[in-house]
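# For reference, the sequence and a predicted model appear below.
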Amino acid sequence: MDTTDTRVQGDGPAYRLMPGDPASPVILHVPHGSRAVPADVRAGLLLDAAALERELDLITDARTQDIAEHAARSAPVTPWRFVNERSRLVVDPERFPDEREEMRAVGMGAVYTRTTHRAPLRPEPPADETDLLATYFHPYAEAMTRAVDDRLAATGRAVIIDVHSYPSRALPYELHGTDPRPAVCLGTDPFHTPASLLAAARAAFAPLGGIGLDTPFAGTYVPLRHYGEDARVSALMLELRRDIYLDEPVTPHDGLARAAACLADLIDAARRGG
C-alpha cells in the first residue's frame, strides 16, 4: 500500500453527530474507531506505508462505530451518536491537552509522538502540535460539549457511553498492561458514574463473560466544561476486549452482533435512568 490509499485519507467532516430521539439523554461517543489520516498529517508521520498500516491495526478500536450503529438502531429509543472520523494518530480527543495527561509519559498525549511499541511516530516535540490541536482537538471538544449541552437542555441530563475496545494481549505502550484483561472493562469516574449506571452496565454485558472495573483502562470521557462540575452529566467507558467480537486485529465475527445487543440493552436502561 502506498500513502495515497483511501484508508489513510481524511475526506469529509472530522466528526459526525448523528441525531437520536429528542427525548433521549444518551450519547454514544466513538472516538477511536477511524483509520483516516489526512494527507497533510500523514506527511508528518515517520512510519513507512507498511508500518503505518500495522500501527492502524493495533491502535484503532476496530468496528466500534459498527457496534454503536447496530446498537442505536435496535434500541427502543434511538440514542445520539458522536463519532470521530479521524484516526487517533491525528489527535486523540480523549486525552488532556496538557501536563495533566499521564500518557504523555509514553509519547501518547493529545498528539502522539510514539507508536504502540514506543517507536518514533513524530519528531519530538512535534512541530505541528499547535496546528493539530487547533484544527482537530479543540473543535472536536467544542462540538462534543455542545452535544452534551443540547441533551441537558432537552432532557435535563446527559448520559455519555464511551465506546472503545482493547487488544487481548497488552501492547508495550500500556501503563497498566499487567492488570487483568476481562472480556468487558467498565471505566468509571467517581463524580460522573452513578451506581445505577454501573449496575445497568454490569447487567447488560453479563452475557459476554467476565466484567472488570477500571482494568486495564480506567476513567471515562466528559467534556472539560462539565468535568467535575455538573452532576447531571453521567458517563461510563465501555472497553470490549477485541477477541470477543473480532478475529484480531480487525476482522469481525458473530460476537459483534452480541456486543451490539448488549449495548442496546444498556442504552435502554440508561435512557430510563439506570
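Received it, and whenever you're ready, just let me know what you need.
# what bridges to the residue nearest to His253 when sequence neighbours are not counted?
Excluding the flanking residues, the one nearest His253 by Cβ to Cβ, 6 or more residues apart in numbering is Asp247, at 5.8 Å. Where you see a C-beta, it was placed from the backbone N, CA and C, and this is true even at glycine. Counting by DSSP bridges, Asp247 is bridged to Thr251.
# list the contacts for the residue nearest to Val250 when sequence neighbours are not counted?
Spatial nearest neighbour of Val250, chain neighbours left out: Ala62 (4.4 Å); criterion: Cβ to Cβ, 6+ apart. For Ala62, the contact set (Cβ atoms under 8 Å, 6 or more residues apart in numbering) comprises Gly33, Ser165, Arg242, Leu246, Pro249, Val250, Pro252.
# isn't there a strand covering Ala62?
No - counting by DSSP: H, G, I helix; E, B strand; the rest coil, one finds Ala62 to be coil, located in no strand.
# picking up where we left off before, for Ile161, see how far away the residue nearest to His253 is.
25 Å (Cβ to Cβ, to the nearest Å).
# ranges for the helices of the stretch 1-150 of the chain?
With DSSP state H, counting those that start in this stretch as the criterion, the stretch 1-150 of the chain has helices at 39-42, 49-59, 64-74, 129-132, 138-155.
# Please identify the most buried of those.
helix 64-74 (a mean of 21; mean count of other Cβ atoms under 10 Å).
# The most centrally placed residue in the chain - nearest residue in space that isn't next to it in sequence?
Of all residues in the chain, the one closest to the mean position by Cα atoms, centre = their mean is Pro31, 3.5 Å from it. In this structure, Pro31 finds its nearest non-sequential neighbour in Asn84, 4.6 Å apart by Cβ to Cβ, 6+ apart.
# any idea how far His253 is from that neighbour?
Separation of Asn84 from His253 (Cβ to Cβ): 24 Å.
# The two - which one has more neighbours?
Asn84 (26 against 12; other Cβ atoms under 10 Å).
# so how far is Ala204 from the more buried one?
Look at Asn84 and Ala204: by Cβ to Cβ, they are 24 Å apart.
# go on, Gly274?
9 Å.
# got it, and Val184?
9 Å.
# In this structure the residue nearest to His253 contacts Gly255, no?
No - shown here, Asp247 and Gly255 do not form a contact pair, counting by Cβ atoms under 8 Å, at 9.6 Å.
# who's more crowded, those two?
Gly255 (18 against 11).
# Could you tell me which of the contacts of Ala62 count as buried?
With neighbours counted by 16 or more other Cβ atoms under 10 Å, those contain buried members at Gly33, Ser165, Arg242, Leu246, Pro252.
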